[in-house]
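A.B. asks: generate a structure from the sequence data that follows.
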Amino acid sequence: MSSRLVLAMSLETPHVGQRALYPLGMTGIPVYNVNNNCATGSTALFLANQLVSSGTSDCVLALGFEKMQKGSLAATFSDRANPVQPHVEAMMSLRELEASPMAAQLFGNAGREHMDKYGTKPEHFAKIAWKNHKHSVNNPCSQFQDEYSMEQISGAPMVHQPLTKLQCCPTSDGGAAALVVSEEFVRQRGLES
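C.D. replies: Residues are numbered from 1 along each chain as shown. Got it, this is the predicted structure:
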């Protein structure tokens, strides 16, 4: 079996994984660059798990890093179509384009569709933010470490229905890595706890 690397990059240019890692001597290891906007990190982790679960690889590093522009997300490149454009067009076939940030419209309208289809209520979405803020107070690396009540979250300024400011992520730089390995890999190296 072989080792592989899944690199998560949201708004960077192609081949960033190769450019970042080859100078470190990681040649010969396949590198997969993934881009899935706000789900890029979870996509890289999913792919790493798939590679190990399928037996294709016994050790996969899911690595991501990003340097963001200031403010709300905007188009990065003017020389090509925005990769999210088909999603925007599909959204616009159901709802009118509004003045709120595009990411908030995409996620907010996905929430509205869920509400229409399944009867989800705005307080269900607020509970997710409440849980996330509650966890942040115990995370010294959290960008914000403030706990908010359900009333504060629901009463915060509306960004795009049903999402309030306290339900939306701030633009921020970041990086993370996760090593996904097979049980055999762990046993062969005596890494059991």
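A.B. asks: give me phi/psi at residue 190?
C.D. replies: phi 60, psi 40 (degrees, to the nearest 10).
A.B. asks: show me what contacts it?
C.D. replies: Residues counted as contacts of residue 190 (C-beta atoms under 8 Å, 6 or more residues apart in numbering): none. C-betas here are computed from N, CA, C, even on glycine.
A.B. asks: would you map the helices across the chain?
C.D. replies: Here the chain has its helices, by DSSP state H, at 16-21, 40-53, 85-94, 102-118, 122-136, 150-155, 183-188.
A.B. asks: may I see these organised as a markdown table, with mean pLDDT, distance to residue 171 and mean neighbour count added?
C.D. replies: Formatted as a markdown table, the helices of the chain follow (pLDDT from 0 to 100; distance: least, C-beta to C-beta, whole Å; neighbours: other C-beta atoms under 10 Å):
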| stretch | mean pLDDT | distance to residue 171 | mean neighbour count |
| --- | --- | --- | --- |
| helix 16-21 | 76 | 19 | 17 |
| helix 40-53 | 90 | 14 | 19 |
| helix 85-94 | 90 | 19 | 12 |
| helix 102-118 | 94 | 9 | 17 |
| helix 122-136 | 95 | 17 | 16 |
| helix 150-155 | 97 | 20 | 15 |
| helix 183-188 | 94 | 37 | 12 |
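A.B. asks: report the distance from the strand ranked longest in the chain to the chain centre.
C.D. replies: When the chain is parsed with DSSP state E, its longest strand is strand 57-66. Relative to its parent chain, strand 57-66 has a centroid offset of 15 Å by C-alpha atoms, centre = their mean, to the nearest Å.
A.B. asks: name every strand pairing with that strand and say which way it goes.
C.D. replies: With DSSP bridges as the test, strand 57-66 is paired with strand 2-8 (parallel), strand 174-181 (antiparallel).
A.B. asks: what sits up against the last one?
C.D. replies: Judged by C-beta under 8 Å, 6+ apart, the contacts made with strand 174-181 from elsewhere in the structure are 41, 45, 48-49, 51-52, 58-66.
A.B. asks: right, and the pair among the residues you listed with maximum separation?
C.D. replies: Across the contacts of strand 174-181, no pair lies farther apart than 58 and 66, at 27.9 Å, counting by C-beta to C-beta.
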